[in-house]
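A.B. asks: Could you work out the structure for the sequence below:
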Amino acid sequence: MTAFLWGLAVFLLANASLCLLRAYLGPTAADRLLAVNVVGTKTLVVLCLLSFVFDRSLFVDVALVYGLLNFIVTIAAGRLVETGRLRGEWE
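C.D. replies: Next comes the predicted model:
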C-alpha cells in the first residue's frame, strides 16, 4: 500500500510539473492563474499523502494552512487580473 501511495505522489508531482509548464506558456493571465491554483491543490494532496505514509498529523496541519493561503492568494490574484487593482470601493 505504501508503494502505491509513493507512486501516486510521484504521479501527482509529475502532473504538477506539466501544470507549471502551462503556467509558463499560458496564453492569458487567467490560464496562468488557474494552472498555479491547480499546482497548489496538487501540493496539498501530496502533503496529505505524505502525512498518511509517515503517520504524522503535522503534515495535515501544514496542508490545511497551505490550502487556506492558496485560496486567499487565488482570490487576490484573480481580483488583480480582473480589475487591475486590489483595493475595493469599500475603502
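
A.B. asks: from here on, contacts and neighbour counts on C-alpha atoms
C.D. replies: Will do.

A.B. asks: and the spatially most central residue of the chain, what does it touch?
C.D. replies: For the chain, the residue nearest the mean C-alpha position is residue 40 (0.7 Å; C-alpha atoms, centre = their mean). Counting by C-alpha atoms under 8 Å, 6 or more residues apart in numbering, residue 40 touches 67, 70.

A.B. asks: Moving C-terminal from the helix or strand harbouring it, which element do we reach first?
C.D. replies: Using DSSP states H and E, the element containing residue 40 is helix 29-54. Scanning forward in sequence from helix 29-54 by DSSP H and E, the next helix or strand is helix 58-83.

A.B. asks: pLDDT on that next one, on average?
C.D. replies: What helix 58-83 shows for mean pLDDT is 89.

A.B. asks: Stretch 26-41 too?
C.D. replies: pLDDT averaged over stretch 26-41 gives 87.

A.B. asks: CA atoms of it as CSV?
C.D. replies: Output in CSV follows, covering the C-alpha atoms of stretch 26-41 (Å, rounded to 0.1, in the frame of the first residue of the first chain):
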residue,chain,number,x,y,z
GLY,A,26,-0.3,30.1,-20.9
PRO,A,27,-1.7,32.5,-23.4
THR,A,28,-3.7,34.5,-20.9
ALA,A,29,-3.3,35.5,-17.3
ALA,A,30,-6.4,33.6,-16.3
ASP,A,31,-4.9,30.4,-17.7
ARG,A,32,-1.7,31.0,-15.7
LEU,A,33,-3.7,31.7,-12.6
LEU,A,34,-5.7,28.5,-12.9
ALA,A,35,-2.5,26.5,-13.6
VAL,A,36,-0.9,27.8,-10.4
ASN,A,37,-4.0,27.1,-8.4
VAL,A,38,-4.0,23.5,-9.7
VAL,A,39,-0.4,23.1,-8.7
GLY,A,40,-1.3,24.4,-5.2
THR,A,41,-4.1,21.9,-4.9
